[in-house]
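Colleague: Sequence first, then the predicted structure, then my questions.
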There are 2 protein chains.
Amino acid sequence: MIFGVRVLASAQSGERIAVKRFESGQLFEERKTGFIETWQEFIRFPSVSSDPDNDADCRRCAEWLAAGIAGSGLDARLVETPGKPLVLGERLGKPGRPTILLYGHYDVQPVDPIEEWISPPFSPEIRAGRLFGRGAQDNKGQFTYAWKAIETLLAECEQDISVKVIVEGEEESGSAGIAAVLPDLKSDLRADILLSCDTGTVAPGIPTITLGLRGIAYMTVTVEGPLMDLHSGVHGGKAPNPATELARLLATLHNPDGSIAIDGFYDGVSEPTEDQRVLLAARSFDPRVYERATGVAPVAGESRFSPAERVGFRPSLDINGISSGYCGHGMKTIIPKSASAKISVRLVPGQEPQRVLELLESHLGTHAPRGLILTIAEKGAAGGAVSLDPHSPHAKRAAAILHETTGKQTVFSWCGASIPVISLLSRVSGAEPLLVGFGNDEEDRIHAPNESFSLEQFKDGFRFVASFVAGL
Amino acid sequence: MIFGVRVLASAQSGERIAVKRFESGQLFEERKTGFIETWQEFIRFPSVSSDPDNDADCRRCAEWLAAGIAGSGLDARLVETPGKPLVLGERLGKPGRPTILLYGHYDVQPVDPIEEWISPPFSPEIRAGRLFGRGAQDNKGQFTYAWKAIETLLAECEQDISVKVIVEGEEESGSAGIAAVLPDLKSDLRADILLSCDTGTVAPGIPTITLGLRGIAYMTVTVEGPLMDLHSGVHGGKAPNPATELARLLATLHNPDGSIAIDGFYDGVSEPTEDQRVLLAARSFDPRVYERATGVAPVAGESRFSPAERVGFRPSLDINGISSGYCGHGMKTIIPKSASAKISVRLVPGQEPQRVLELLESHLGTHAPRGLILTIAEKGAAGGAVSLDPHSPHAKRAAAILHETTGKQTVFSWCGASIPVISLLSRVSGAEPLLVGFGNDEEDRIHAPNESFSLEQFKDGFRFVASFVAGL
């Protein structure tokens, strides 16, 4: 299956890069029925990490995954954490070859609003070349192609590779478990390249290496006071209203120019460098395409930056949910006893997540409504931002292989999302992060109803991982 | 049972007022078992008017009530409306006697949050001398004592009274049905006194005549745009966030001094008169008692008025509910596709409900967030404010009878709540409104879980209505 070495030229530097020529497309076609079966089995576990009701499902999913990875020829085991268990796999090949550490997550986002799913979220269904289900892309689909690429190499042609796998179960809910045990796994995880396939392409079919991830921190804020819902006639104009006051509190979080109005929030944040601006400008952003895909024009955020700069290099703050009082049919004229909002912040290099949480909490305390009680809960500072060097040998090799396997020029991008544990995992393992994924923002609907991933995207991912790992 | 005429002195004017001496307490004790059974049967109907799922329950409740009123010796019938049917009853006695029109409502508020009820809302239960259930007070309990007082008079001693009854099924959801058909019922409803027992006492056991009701208008505002919930990492800083923007929009509705920031909102609103201020000041308001009862200090509303003045003479605006995005366990880091809030306004004399709705809608439109779609729904301008004359003969007679039956000085109050149709009903029937009820804000928990009404309150109500109607 290996047809010798092929030499590619780096599009960035013109440098010559030797890679194995590898018939990944043919191997994929031969084995794809099995791949899709595994991918569907994976989705059937309702491994929603944020809901304690799904704890047992998460564990069953981890056990199934460990057995599967063992079946692929790696030593696999579960590692307990204070939260959900980790799945670890290892297969050491010829000494001296670089070790690749593949990171993924087996947990998924909640499925609400459930009524908007065309097929049930945990009953995967293929429609028009796409597999639909919660986690179909994020991250079960993307992890599965990488896992199956390694399995295929081991089975077919590359018994000598050194591969480690770590799959966590709390990526969507803060990565607290993995963060707690990583320091103890230092020697188990030592590697050269930390590969995560949990990112996307800038446009369908355009191979993309992600150079930046934002960090994330979050909390739930609750305003309460009345012992019960109060009659808005008897008490309107006397009793402070938690819903009204929460709205006023949330409205203090942004300035009119779209910047975040928390004192000290931007301390340590740098403006994008010239090099970053040039790479970013190479990638066109069409606001009309964005609006067609999402339904909204890209008008949020700091007005002095472009939309791509805002997502790539600037922090953001979003309200993820608000709940208060009566929201059913018709009217119920009450002063609600409480009101809650979930707030999350995306961070950039220079911002320390724990410090940002403190600033946010202090801002909320300073603006707390009179006569009501403010509480902060579910606080999490999940991970810092990650910034990659596009000029590293591994990045250049990945770019050349992506070009080779897709026939399209590789693009560098900053995606704005977070993979909370990457910065810590890179530090612990000593490995250089490499973020290559095949998600498509405009179609995959990750975190939303009717998440999907196409067989074409899955195949592109498989081909890249197989070709990158072969001959490392 | 009637022991002749007794002459009472008006506490206001010293004037002598002749009333029948009437053993209402003894009659109550003889019949109370049956009263409580009827009251409980009434509560068993889940007649939530705001939820279309309860349409059939509302109709069954109306039919049961019409049959019950017929059983009390009145001609009773249902009158269809565009919404829920009305129950009408009539018994004309000796010509020349004043006709009393008793108004009530058989519908109730929704029961959310259902999990906070100690006993199920539609399974009435007596605990420690109080009957618990949705509608136990508002208005099934208060209507039942008035109905049973009339039934008892007809059965025992006062066959000559002229009584009309109108009970609607949409008081808690805007009174649209009754408002639509009232003009056609002008001759059926002609009366002298419009009695509604849907108000409260200023403190437990202190007889109270309500001199003012606020009007009410409301709407649901929705902000939307994203075609789906968006990933807050990929889109944070690009996509406008409906939850954030709704909070900012709601925060524009009040000024920092607690007044309402809608242009033209206070047009036509008068300051309280000297007479009103004197009557109001006669009634002490202890903020500590209020805080113990409700859990909050009376700090909302316009800071230049006292809490009692704000509820009695000033309009208010409350958010009754907000709903957006993910509100379950843990985090779901999305930009929600939409956000909705229910807003209600309490109005005072001088404010025309339809005009206020237009001003509110125009304010929301002016402050609408950029890049998102604002829609207004469930708009209702249910009724104007009502203001009574404490110096009218009927008010003075009611005050004297309340004093006589309870042994306590009658207090005049302004309750802040709304009975939407009273102003229209008074105009159509030509009757002077008289608002006497025995609710207790601090204990009854109307509109909230574990609504209740004590047997003592019920008895006070029965005794007042029986004594007031006897010898009219």
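Modeller: Cool, got the structure.

Colleague: Any idea what A:Glu125 is bridged to?
Modeller: Per DSSP bridges, the residues bridged to A:Glu125 are A:Phe132.

Colleague: Touching, it and A:Arg134? I think so.
Modeller: No: the criterion here is Cβ atoms under 8 Å, and A:Glu125 misses it with A:Arg134 at 11.9 Å. (Glycine included, C-beta is placed from N, CA and C.)

Colleague: So for these two, which sits in the more crowded spot?
Modeller: The residue with more neighbours, out of A:Glu125 and A:Arg134, is A:Arg134; 28 against 15, by other Cβ atoms under 10 Å in any protein chain shown.

Colleague: Excluding chain neighbours, give the residue nearest to the more buried one in space.
Modeller: Spatial nearest neighbour of A:Arg134, chain neighbours left out: A:Pro121 (3.8 Å); criterion: Cβ to Cβ, 6 or more residues apart in numbering or on different chains.

Colleague: do the same with A:Lys164
Modeller: A:Leu101 (4.5 Å).

Colleague: Doesn't the one you found belong to a helix?
Modeller: No: assessed with DSSP: H, G, I helix; E, B strand; the rest coil, A:Leu101 is strand; it does not lie in a helix.

Colleague: my guess is it contacts A:Ile193, does it?
Modeller: Yes: counting by Cβ under 8 Å, A:Leu101 touches A:Ile193, with 6.9 Å between them.

Colleague: between those two, which one's more packed in?
Modeller: Using other Cβ under 10 Å, the more surrounded residue of A:Leu101 and A:Ile193 is A:Leu101, with 27 against 22.

Colleague: Return the residues in contact with the residue in the stretch 1-150 of chain A that chain B sits nearest to.
Modeller: Closest residue of the stretch 1-150 of chain A to chain B, Cβ to the nearest Cβ: A:Ser50 (3.0 Å). Residues in contact with A:Ser50, defined by Cβ atoms under 8 Å, 6 or more residues apart in numbering or on different chains, are A:Gln109, A:Pro110, A:Glu172, A:Ser173, B:Gly328, B:His329, B:Gly330, B:Met331, B:Lys332.

Colleague: now those residues as JSON lines including pLDDT?
Modeller: Output for the contacts of A:Ser50, formatted as JSON lines (pLDDT from 0 to 100):
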{"residue": "A:Gln109", "pLDDT": "94"}
{"residue": "A:Pro110", "pLDDT": "94"}
{"residue": "A:Glu172", "pLDDT": "89"}
{"residue": "A:Ser173", "pLDDT": "85"}
{"residue": "B:Gly328", "pLDDT": "91"}
{"residue": "B:His329", "pLDDT": "84"}
{"residue": "B:Gly330", "pLDDT": "83"}
{"residue": "B:Met331", "pLDDT": "84"}
{"residue": "B:Lys332", "pLDDT": "87"}
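
Colleague: give me the number of residues near the residue nearest to A:Arg134?
Modeller: 23.

Colleague: Contact partners for the residue nearest to A:Lys164?
Modeller: A:Lys164, A:Val165, A:Ile166, A:Leu189, A:Ala191, A:Ile193, A:Leu194, A:Leu195, A:Leu425, A:Ser429, A:Ala431.

Colleague: hey, what's it bridged with?
Modeller: The partner residues for A:Leu101, given DSSP bridges, come to A:Lys164, A:Leu194.

Colleague: How are the strands of the stretch 351-472 of chain A distributed by residue range?
Modeller: A:373-383, A:386-387, A:411-414, A:432-436, A:452-454 (DSSP state E, counting those that start in this stretch).

Colleague: what are the pairing partners of the fourth one, and which direction each?
Modeller: Strand pairing for strand A:432-436, using DSSP bridges, gives strand A:193-196 (parallel), strand A:208-213 (antiparallel).

Colleague: quick one: that strand to chain centroid distance?
Modeller: 13 Å (Cα atoms, centre = their mean, to the nearest Å).
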